[in-house]
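Visitor: Would you be able to build a 3D model of this:
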Amino acid sequence: MLAADANGDGKTDVWMTDTTGDGKADLYQFDTTGDGQIDVTMVEQADEAGEDRVVVEGDGGHPVEA
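Guide: The predicted model follows:
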């Protein structure tokens, strides 16, 4: 796992993980609001070589309406 502070606030807001063991990151998680919770997850996974797809889940950093 590799973590990064992308906005310089001293807190981790991007996490990159190699879940397949191929030496490449394929799971990305982002805290776009700075609240310490992951709100966007991107997964890159190929069924066949060269056919990666990206799945985005989460609220994209938009506030949850109560």
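Visitor: if I look at Ala25, how far off is Asp35?
Guide: Going from Ala25 to Asp35 by CB to CB, to the nearest Å gives 23 Å. For the C-beta atoms, the positions are set from N, CA and C on the backbone; glycine is no exception.
Visitor: Tell me, how many residues neighbour the residue nearest to Phe30 when sequence neighbours are not counted?
Guide: Closest residue to Phe30 apart from its sequence neighbours, by CB to CB, 6 or more residues apart in numbering: Val40 at 4.3 Å. Residues near Val40, counting by other CB atoms under 10 Å, number 17.
Visitor: Next: Asp13.
Guide: As a burial measure, Asp13 scores 20 neighbours (other CB under 10 Å).
Visitor: Likewise for Gln29?
Guide: 20.
Visitor: For it, pull up the helix or strand it's in.
Guide: strand 27-30 (DSSP states H and E).
Visitor: and that strand, which strands flank it?
Guide: Strand 27-30 has its sheet partners listed here by DSSP bridges as strand 14-17 (antiparallel), strand 40-46 (antiparallel).
Visitor: what does the first one contact?
Guide: Taking contacts as CB atoms under 8 Å, 6 or more residues apart in numbering, the residues outside strand 14-17 that touch it are 1-6, 25-31, 38.
Visitor: any chance of those residues in a markdown table, with distance to Asp18 too?
Guide: Shown next, in a markdown table, are the contacts of strand 14-17 (distance: CB to CB, whole Å):
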| residue | distance to Asp18 |
| --- | --- |
| Met1 | 8 |
| Leu2 | 9 |
| Ala3 | 13 |
| Ala4 | 15 |
| Asp5 | 20 |
| Ala6 | 19 |
| Ala25 | 6 |
| Asp26 | 6 |
| Leu27 | 8 |
| Tyr28 | 11 |
| Gln29 | 13 |
| Phe30 | 17 |
| Asp31 | 20 |
| Ile38 | 17 |
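Visitor: Now, of these, which are buried?
Guide: Among these, the ones that count as buried by 16 or more other CB atoms under 10 Å are 25-31, 38.
Visitor: now stretch 12-21: mean pLDDT?
Guide: Taken as a whole, stretch 12-21 has a mean pLDDT of 88.
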